[in-house]
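K.L.:
take a look and give me a structure for this.
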Amino acid sequence: MNTVVLFLLLCQSADYTRPATSVTDASKREAQLRQVATALSGPQSPSATEVSAQAYAAAHDEAFVGKFNSLINKLMDFADAYKNKQAIDVKKAQDVRKAWLELEKAEALFRENPKK
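P.N.:
Sure thing, here's the model as predicted:
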């Protein structure tokens with residue numbers, strides 16, 4: 001019986017790691033995990049090209065919205081003049097055409113394909 005107990009004690013000590021090293025390893029792993037977590041959760045600073053691309057896109061969108069709103073306002077003026085006079089106001093029609101052409105120049109979507 002003593003041999004069995006001694007054998008079991010020896011088997012236990014083979015798997016046993018010292019608490020000092022396990023605490024040290026655990027603290028190292030925890031520190032590494034914290035570094036990874038802070039690196040992933042922190043705001044990533046965009047590069048200069050991304051910032052300039054975003055600024056360009058915002059300016060392009062703002063210009064498009066301005067030109068589109070101008071076109072809509074001129075169309076509404078034309079429609080109001082037509083409603084009141086029951087005739088086409090040539091000057092307002094020219095303003096609508098001019099606003100449409102400005103919008104076409106600003107946006108690639110409206111440009112004709114030269115390949116066709």
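K.L.:
what strand or helix carries Arg34?
P.N.:
Assigned by DSSP states H and E, Arg34 falls within helix 19-41.
K.L.:
what's that helix in contact with?
P.N.:
The contact list for helix 19-41 (Cβ atoms under 8 Å, 6 or more residues apart in numbering) is empty. (C-beta placed from N, C-alpha, C; glycine too.)
K.L.:
quick check: mean pLDDT of it?
P.N.:
In this model, helix 19-41 has an average pLDDT of 73.
K.L.:
pull out the buried positions in the next helix-or-strand element following that helix.
P.N.:
Stepping forward along the backbone from helix 19-41, the first helix or strand reached (DSSP H and E) is helix 48-85. Buried residues in helix 48-85, defined by neighbour count with 16 or more other Cβ atoms under 10 Å: 67, 70-71, 74, 78, 81.
K.L.:
show the pLDDT at Ala59.
P.N.:
Ala59 is assigned a pLDDT of 88 by the prediction.
K.L.:
would you mind measuring from it to Gly66?
P.N.:
11 Å (Cβ to Cβ, to the nearest Å).
K.L.:
just Tyr56 next, same as before
P.N.:
For Tyr56, the distance to Gly66 (Cβ to Cβ) stands at 16 Å.
K.L.:
gap between Leu103 and Phe68?
P.N.:
6 Å.
K.L.:
pLDDT-wise, which helix or strand of this structure ranks last?
P.N.:
When each helix and strand of the chain is scored by mean pLDDT, DSSP states H and E, helix 2-15 comes last, with a mean of 59.
K.L.:
quick check: Glu50 vs Ala57, distance?
P.N.:
Here Glu50 is placed at a distance of 10 Å from Ala57 (Cβ to Cβ).
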